[in-house]
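1. take this sequence and fold it.
(one chain, ligands or ions: 1)
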Amino acid sequence: MKNLIQQLIITVICGMAIPCFAQNDTSTTKATTKPTKQVSILFVGDMVLDDLPGKAIEQGQDPFAAFEKIFQSADIRVGNLECVIATIGKASEKNFTFRAHPRVIPLLKKYFDAISIANNHSGDYGPAAFSEMLTLLNTQKMSYFGGGNNLSEAHRPHIIERNGLRIALLGYDEFMPRSFEANVNKAGVAWSEDEQVIADIKAARQQYRADIVIPFMHWGWENEMTANKRQRELARIMIDAGADAVIGGHPHVIQDTETYKGKPIIYSIGNFMIDAVDNEAQTLGWAIRLHIDQHGVKAWDTRMAKLNKEGIPSPIPEASSACWDKKSGELRTCKNAQLQ
Ligand SMILES: [Zn+2]
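-> Numbering: from 1, shown residues only. Sure, this is the predicted structure:
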């Protein structure tokens, strides 16, 4: 009777087009046919939702719309919010200060699983505005990382679990002013002191049981097309500590890439949404997609974004841009239009 019920269950389940094993399969056969856990994660660079992009949103436009399909082609989407979101505060004395209205949050929620706030603009309107942003993001359940109400919150990884994999995202700023940094009792961004970064990456694996760890950096010099010595050194330190890939931004242009110990380092993915640009290279950015399994990044590809005069991006389907796969180890170019 028991066997009959078992057979019946198998017949019903197999009839539902779920992969089934014959009753006498060995466990070894089951293990080899088990699907690999896979996830794709897309990163875009600096987004300033103040000024013209902010105005577009105020007028009811959706400046992300042209990228909607590309965003949908990844399981997880991440961007760098290069401004504070607040209604209060006073602009700091620096060349550029950016503050977005809280009305941008529903749009961020629509397109992003998490945003990094570790950058040199999230503190532009002072600590009270930064704290208001944290409250707004928390109440509206928009996930963020790289900043917090104190040092430990700022350095805590944001964990996303998808397709059976736990991904840890860490965000760091190392571009002045350092006054934006979080402290034991002060809200702010995570600063990339080497020892702290190593400890965070190790904690992400051990304490937070992450399968994959990705630091999203805010570093380098503006307008330099190749990474500097510090970026190269820190990227290696992070991979030696256990990072699976390093993604960077802030130079406002796309920089070179490297592979170290089989792990990709993408030094700068450039701008994604900003009208304050002063040369052609700043109007281009990458939407980079990492294809990941439990062993790390197995391939990555990029879609070129072109920013118009309002700072709003559109894909360039006819463009060819960098792509890579671990198997060949080769850096190639892929036609954007042909990427699925
Ligand atoms: Zn920046």
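
2. which residues does residue 239 contact?
-> 246, 260, 261, 263, 265 (Cβ atoms under 8 Å, 6 or more residues apart in numbering). For the C-beta atoms, the positions are set from N, CA and C on the backbone; glycine is no exception.

3. ok, for the third one, nearest residue in space, not its chain neighbours?
-> Beyond its immediate neighbours in the sequence, the residue positioned closest to residue 261 (Cβ to Cβ, 6 or more residues apart in numbering) is residue 239, lying 5.7 Å away.

4. just want the residue of this protein that's nearest the ion.
-> Proximity of the chain to the ion (Cβ to the ion) peaks at residue 250, 3.9 Å away.

5. pull the contacting residues for that residue.
-> Contacts of residue 250 (Cβ under 8 Å, 6+ apart): 46, 119, 120, 175, 217, 218, 219, 220, 222, 268.

6. partners of the fifth one in the sheet?
-> To tie it back to what came earlier, the one meant is residue 217. residue 172, residue 248 (DSSP bridges).

7. so it makes contact with residue 255?
-> No. At 11.2 Å, residue 217 does not count as touching residue 255 under the criterion of Cβ atoms under 8 Å.

8. now residue 214, nearest residue through space, not along the chain?
-> Residue 214's closest residue in space is residue 245 (Cβ to Cβ, 6+ apart), at 5.2 Å.

9. tell me who's in contact with the one you found.
-> So residue 245 contacts 214, 263, 264, 265, 266, 290, 296, 297, 300 (Cβ under 8 Å, 6+ apart).

10. so the nearest residue to residue 101 once chain neighbours are set aside is in which element?
-> For residue 101, ignoring the flanking residues on the chain, the nearest one in space by Cβ to Cβ, 6+ apart is residue 54 at 6.4 Å. Assigned by DSSP states H and E, residue 54 belongs to helix 51-58.

11. spell out which parts of the stretch 51-200 of the chain neighbour the ion.
-> Applying Cβ under 5 Å from the ion, one finds that the stretch 51-200 of the chain approaches the ion through 119, 120.

12. can you list the strands that the longest strand seen in the chain pairs with?
-> The residue-count maximum for a strand in the chain (DSSP state E) belongs to strand 296-307. Strands that pair with strand 296-307, judged by DSSP bridges, come out as strand 284-293 (antiparallel), strand 313-315 (antiparallel), strand 320-325 (antiparallel).

13. including distance to the ion, mean pLDDT and mean neighbour count, could these go into JSON lines?
-> Converted to JSON lines, the strands paired with strand 296-307 look like this (distance: least, Cβ to the ion, whole Å; pLDDT from 0 to 100; neighbours: other Cβ atoms under 10 Å):
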{"stretch": "strand 284-293", "distance to the ion": "13", "mean pLDDT": "98", "mean neighbour count": "24"}
{"stretch": "strand 313-315", "distance to the ion": "17", "mean pLDDT": "98", "mean neighbour count": "19"}
{"stretch": "strand 320-325", "distance to the ion": "22", "mean pLDDT": "98", "mean neighbour count": "18"}
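
14. turn those into TSV, including distance to residue 97.
-> Output for the strands paired with strand 296-307, formatted as TSV (distance: least, Cβ to Cβ, whole Å):
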stretch	distance to residue 97
strand 284-293	22
strand 313-315	22
strand 320-325	32
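
15. pick out the residue closest to the middle of the protein.
-> residue 78 (3.5 Å; Cα atoms, centre = their mean).

16. shaky segments in this protein?
-> Across the chain, the ranges flagged by pLDDT under 70 are 1-35.

17. where do the helices of it begin and end?
-> For the chain, the helices defined by DSSP state H occupy 2-15, 27-33, 51-58, 68-72, 105-111, 126-139, 151-154, 194-206, 229-241.

18. what helices and strands are in contact with the shortest one?
-> In other words, helix 151-154. Counting by 3 or more Cβ pairs under 8 Å, 6 or more residues apart in numbering; DSSP states H and E, the packing neighbours recorded for helix 151-154 are strand 147-148.
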